[in-house]
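> I'd like to go over a predicted model; first the sequence, then the structure.
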Amino acid sequence: MGIRSAAGILGVLFACTAVLAMTDEERAILKGRSAAAVLSDTLRGKLVDSMKAGGPSGAMKVCSYQAQALTREVEEREGVRVRRTSLKLRNPKNAPDEWERQVLSRLQEQARAGKTPEEVFEAAEEEGKKVFRYAKPLMVGPACIACHGSGAEISAQVRSMLQERYPEDRATGYKPGDFRGIVSAVVPAE
């Protein structure tokens with residue numbers, strides 16, 4: 001066995017030992033972060049591709065027709081309940097639960113005070129079982145304005161699509177850098 005092979009095996013052993021030495025909370029926060037990152041990155045990638053191919057209306061079709069399916073795929077792959085939510089909803093199916101509503105309010109206050117909202121991680125109980133709740137803040141990027149900006153920044157075609165698909169849409173009026181919502185994950189205790 002060469003030196004590189006031995007070093008690789010030792011690296012894997014150390015990594016495994018480190019994971020085994022973690023507490024349930026440490027493993028859960030890593031799992032929550034991972035699920036949130038996978039959902040965010042997967043959706044962002046689809047949106048970027050759709051923006052290039054079909055402009056803002058193409059990106060809106062991804063959010064409107066593919067986001068829920070992508071979320072379910074991430075949940076199955078990661079073994080964690082994960083979703084996006086906000087206090088200013090576009091899709092009523094994404095309404096926050098009580099824990100999410102409290103976290104969103106707290107993070108919104110941080111943003112209003114000029115602080116960058118930080119991730120939240122807490123132990124909780126659901127249906128008599130211990131779980132861990134994780135929330136990753138979502139901030140508005142420049143590309144988001146095409147669908148989430150002020151009325152003048154959203155094209156007539158996208159406004160029409162929004163009105164048709166989401167007649168009670170409240171997810172507009174944002175500027176780049178604004179706090180938009182969270183990716184929320186529920187991680188079962190191991």
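Thanks, I have it. This one's a predicted model, so the numbers in the text were calculated from it and none came from an experiment. Numbering: from 1, shown residues only.

> which stretches of this structure have low pLDDT?
Low-confidence segments of the chain (pLDDT under 70): 1-21.

> would you map the helices across it?
Here the chain has its helices, by DSSP state H, at 3-21, 24-61, 67-78, 98-112, 145-148, 156-165.

> residue 124: which of the ones you listed is closest?
Nearest to residue 124 among the helices of the chain is helix 98-112 (6.6 Å), distances taken as CB to CB. C-beta coordinates here come from the backbone N, C-alpha and C atoms, glycine included.

> center of the protein - which residue?
residue 183 (2.8 Å; CA atoms, centre = their mean).

> report the contact partners of the closest residue to it other than its chain neighbours.
Take residue 183 and drop its neighbours on the chain: the residue closest to it by CB to CB, 6 or more residues apart in numbering is residue 36, 4.1 Å away. Contacts for residue 36 (CB atoms under 8 Å, 6 or more residues apart in numbering) come out as 82, 134, 136, 183, 184, 185.

> so which of those is the most crowded?
Neighbour tally across these (other CB atoms under 10 Å): the maximum, 29 neighbours, falls on residue 185.

> isn't it up against residue 85?
No: the criterion here is CB atoms under 8 Å, and residue 185 misses it with residue 85 at 11.2 Å.

> residue 171: how many residues sit nearby?
Residue 171, neighbours per other CB under 10 Å, totals 20.

> ok, and which of the helices of the chain has the densest surroundings?
helix 145-148 (a mean of 22; mean count of other CB atoms under 10 Å).

> what does it contact?
Contacts of helix 145-148 (CB under 8 Å, 6+ apart): 51, 55-56, 59-60, 63, 140, 153-155, 158, 162, 171-176, 180.

> coming back round to it: quick one: the residue nearest to residue 183 from residue 133, how far?
11 Å (CB to CB, to the nearest Å).

> and residue 85, by the same measure?
Taken as CB to CB, the span from residue 85 to residue 133 is 12 Å.
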